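1. what's the 3D shape of this:
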Amino acid sequence: MSALTRCLVEEAAAIAASASRLDPQQVETALQQLESCRARRAKLVVTGVGKSGIVARKIAATFSSIGLTAVFLNPVDALHGDLGIVAADDVALLLSNSGETEELLAILPHLIRRGTHRIALVGRVASSLARGCDVVLDASVDREVCPLNLAPTASTAVAMAIGDALAAVWMERAGISPVDFAINHPAGSLGRRLTLTVADLMVPAHELTPLAPDAPLPVVIAQLTQGSPKRGSLGATWVHHAGEPARLAGLITDGDLRRALQRHGTAEWDRVTAAAMATRDPITVTPEVLAAKALELMEHNPRQAISVLPVVHPEHACQLVGLLRLHDLVQAGFSTAHNP
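-> Reported below is the predicted structural model:
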């Protein structure tokens, strides 16, 4: 076994051992406080110094990302005004391996005076910090992985693991869904898949100029070339019903144009109209559909892969409200690999 592997095994063993040290009742009380924190629309305030402070920042970031408002509070800054962020209904999670960190002990009386709920995550349950808190979570280790048994290694790994475990159980109890998670991760691939809709990415109908059913070939070509005044050529245009400008009668793509020219000899081109070359029953989608689902529909269409979807009103299926292009989906970060 290499030295690196040995260190990893020792840290893993320290985390496993911490599970047996934790008092189930203390853990349950901590979870109940976190649950009631959300119910009260209060926040979790996580604090620590040094390496414990770094772990505290990560725990706060994790809880914020899953839906519980959480902030990291630097205990030194807290004594110089930042304590004002802490309210009586909040829950404070205080991290200290020794349980005797001076900066945390200095703010403890002020938290008690405010009536803030206090959870100690400490390496020594018989410590001053533990005695000043409502709940004590045992994060002790037999020794650090550091060869000198000095640098915070196993102790920080255990504290981080307990923080992660609290977050995971809180998520389960709170019923956090993938959609809830995605709301706080809009820039990630999951966020895009679960939050962006067709309406967010489509070219709206007011930017499109429809074609009359009897529009001749030169007009169709000009419209496909010019496209939208704001976006230029879209690779598609649409045909409205005679006398009903908002009603979709068909879709014309660049491919439809080529196929129409193949079907009709050059002698007939001057008689080909928009209605004759349009796809009269195109696959459509409504604005509220998730963009990822629309991409799946485009790529797995039983007829053939398509690059443009007409977007229609959810209650009036023939009323066009926009066009969704594969190009816009790809630009927004969607691809077959990201599609569920």
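
2. could you identify the helix or strand that succeeds the lowest-mean-pLDDT helix or strand in the chain?
-> In the chain, the helix or strand scored least confidently by mean pLDDT, DSSP states H and E is helix 189-195, which has a mean of 68. As assigned by DSSP states H and E, the chain's next helix or strand after helix 189-195 is helix 198-201.

3. packing partners of that next one?
-> helix 291-299, strand 308-312, strand 320-325 (3 or more C-beta pairs under 8 Å, 6 or more residues apart in numbering; DSSP states H and E). Glycine gets a C-beta too; all of them are placed from N, C-alpha and C.

4. list the buried residues for the first one?
-> Spelled out, it's helix 291-299. Neighbour-count burial for helix 291-299, with 16 or more other C-beta atoms under 10 Å as criterion, is recorded at Ala291, Ala292, Ala294, Leu295, Leu297, Met298.

5. cool, stretch 210-225 as well?
-> Under the neighbour-count criterion of 16+ other C-beta under 10 Å, stretch 210-225 has Pro210, Leu211, Ala212, Pro213, Ala215, Leu217, Val220, Gln223, Leu224 buried.

6. the first one and Thr237 touch, don't they?
-> Yep, that's Pro210 we're talking about. Yes - contact criterion C-beta atoms under 8 Å: Pro210 and Thr237 qualify, at 7.5 Å.

7. Val27 should be in a helix, yeah?
-> Yes - per DSSP: H, G, I helix; E, B strand; the rest coil, Val27 lies within a helix segment.

8. and it, how far is that from Arg124?
-> According to C-beta to C-beta, to the nearest Å, Val27 and Arg124 sit 18 Å apart.

9. Ser177 too?
-> With C-beta to C-beta as the criterion, Ser177 and Arg124 are 39 Å apart.

10. over to Leu108?
-> In terms of C-beta to C-beta, Leu108 sits 15 Å off from Arg124.

11. can you pull out the low-pLDDT segments for this protein?
-> Flagging of the chain using pLDDT under 70 yields the residue ranges 179, 182, 185-192, 194, 302-305, 336-340.

12. give the contact list for Arg143.
-> Asn149, Ala154 (C-beta atoms under 8 Å, 6 or more residues apart in numbering).

13. tell me the secondary structure at it.
-> Here Arg143 is coil, with the state taken from three-state DSSP.

14. sorry, back to before: switch the buried residues of helix 291-299 over to TSV; also include distance to Glu315.
-> Shown next, in TSV, are the buried residues of helix 291-299 (distance: C-beta to C-beta, whole Å):
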residue	distance to Glu315
Ala291	21
Ala292	23
Ala294	19
Leu295	24
Leu297	20
Met298	23
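
15. which of the residues you listed lies closest to Phe63?
-> Ala292 (27.3 Å; C-beta to C-beta).

16. in space, what's closest to the closest one - neighbours in sequence excluded?
-> Nearest non-adjacent residue to Ala292, counting by C-beta to C-beta, 6 or more residues apart in numbering: Arg193, 4.3 Å away.

17. can you report how many residues neighbour that neighbour?
-> For Arg193, the count of nearby residues is 20 (other C-beta atoms under 10 Å).

18. between Leu108 and Arg124, point out the one with more neighbours.
-> Leu108 (22 against 18).
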